[in-house]
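In: need the 3D shape of this:
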Amino acid sequence: MKIIAVIPARYNSTRYPAKLVQDLNGKPVIVRTYLAAKETNLFDEVYVATDSTIIKDFIEAEGGKVFMSKKDHESGSDRIAEAVEDLQADIVVNVQGDEPFISKDNIKALIEVFKHDKQEKISLASVMTVMKDWDDIQNPNHVKVVVDADNFALYFSRSVIPYPRDKNEDLTYFKHIGMYAFRKQALIEFTSWPIKVLEQTEKLEQLRYLEYGKKIKMIQTQHIGIGIDTEEDLIKARLHWK
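Out: Model prediction:
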């Protein structure tokens, strides 16, 4: 089983343009993330998929492999699918470019899902963590996921799910962490499917997989990295690095 990592790295992010080339204690954020992925020693190859020659030059200066993608992708999955279409791989792990503090344990757990899936029924795996703060649970920027008894995703939403019609102190809410591992074939199929109403409504690409009947295995974790979406996040990341 060949396992590769692809780091989608769009230059002009919506909330914090050029965040991936900001300095994180001596190296750009995207380089820190690339090196962190390499240092896990869990991948046969690590690639960065980008639309930016600036990012390309940074990664190649570290000896890294870069795929120059189109600029008009609808989602990270689309960008990764383009990058891996002609690559030999069985499992593709999406490592977010703004997550320099990636968890080796989380990645290892995602990979193990496919090693134990002998009948190849699982199309992709992702990560979730328990949410306890009610303000966070109500925040639409925190995507919630509901799972079945075997931790397969039933639905993802920006809304509060499940909705507590009757107060239930034993109810557990899970936050979706946007780290994925895919079967390559599922990624390629994803790009051929028209967007349906649930994805269009929630603006969550993972719903497309569910709408087309694919199984998403969720892994529970307590490790949450520092995603860099704002200047404040970058300041926190610099302090954490020290």
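
In: helix or strand: which one has the residue of the chain positioned farthest from its centre?
Out: Ranked by distance from the centre of the chain (C-alpha atoms, centre = their mean), the top residue is Asp166, with 33.3 Å. For Asp166, there is no helix or strand it lies in under DSSP states H and E.

In: would you map the strands across the protein?
Out: Taking DSSP state E, the strands of the chain run over residues 3-9, 23-24, 27-28, 45-50, 65-68, 91-94, 124-131, 144-147, 153-157, 173-183, 216-220.

In: low-confidence regions, this protein specifically.
Out: Within the chain, the ranges that satisfy pLDDT under 70 run 14, 71, 168-169.

In: give me the most central residue, the chain.
Out: Met179 (2.8 Å).

In: contact partners for that residue?
Out: 93-96, 99, 102, 106-107, 110, 126-127 (C-beta atoms under 8 Å, 6 or more residues apart in numbering). The way it works is simple: take the backbone N, C-alpha and C, and place the C-beta from them, glycine included.

In: one more: Val127?
Out: Contact analysis of Val127 by C-beta under 8 Å, 6+ apart lists 106, 109-110, 176-177, 179, 218-221.

In: how close does the residue lying closest to it once chain neighbours are set aside sit to Asn25?
Out: Sequence neighbours aside, Ile177 is the residue nearest to Val127 in space, at 4.1 Å (criterion: C-beta to C-beta, 6 or more residues apart in numbering). According to C-beta to C-beta, to the nearest Å, Ile177 stands 24 Å off from Asn25.

In: who has more neighbours, these two?
Out: Ile177 (24 against 12; other C-beta atoms under 10 Å).

In: how close does the more buried one sit to Ala125?
Out: According to C-beta to C-beta, Ile177 and Ala125 sit 12 Å apart.

In: before we move on, what about Ala109?
Out: Relative to Ala125, Ala109 is positioned 8 Å away (C-beta to C-beta).

In: ok, now Gly26?
Out: Gly26 is 33 Å from Ala125, by C-beta to C-beta.

In: more neighbours, these two?
Out: Ala125 (27 against 8).

In: for that one, which residues are in contact?
Out: With C-beta under 8 Å, 6+ apart, Ala125 has these contacts: 110, 113-114, 180-181, 216-219.

In: those: which two are farthest apart?
Out: The distance between the two most remote of the contacts of Ala125 (C-beta to C-beta) is 14.0 Å, for Phe114 and Met218.

In: how about TSV for the contacts of Val127, with distance to Gly76 added?
Out: Shown next, in TSV, are the contacts of Val127 (distance: C-beta to C-beta, whole Å):
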residue	distance to Gly76
Asn106	17
Ala109	20
Leu110	16
His176	14
Ile177	14
Met179	11
Met218	18
Ile219	19
Gln220	22
Thr221	20
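
In: no more questions from me, cheers.
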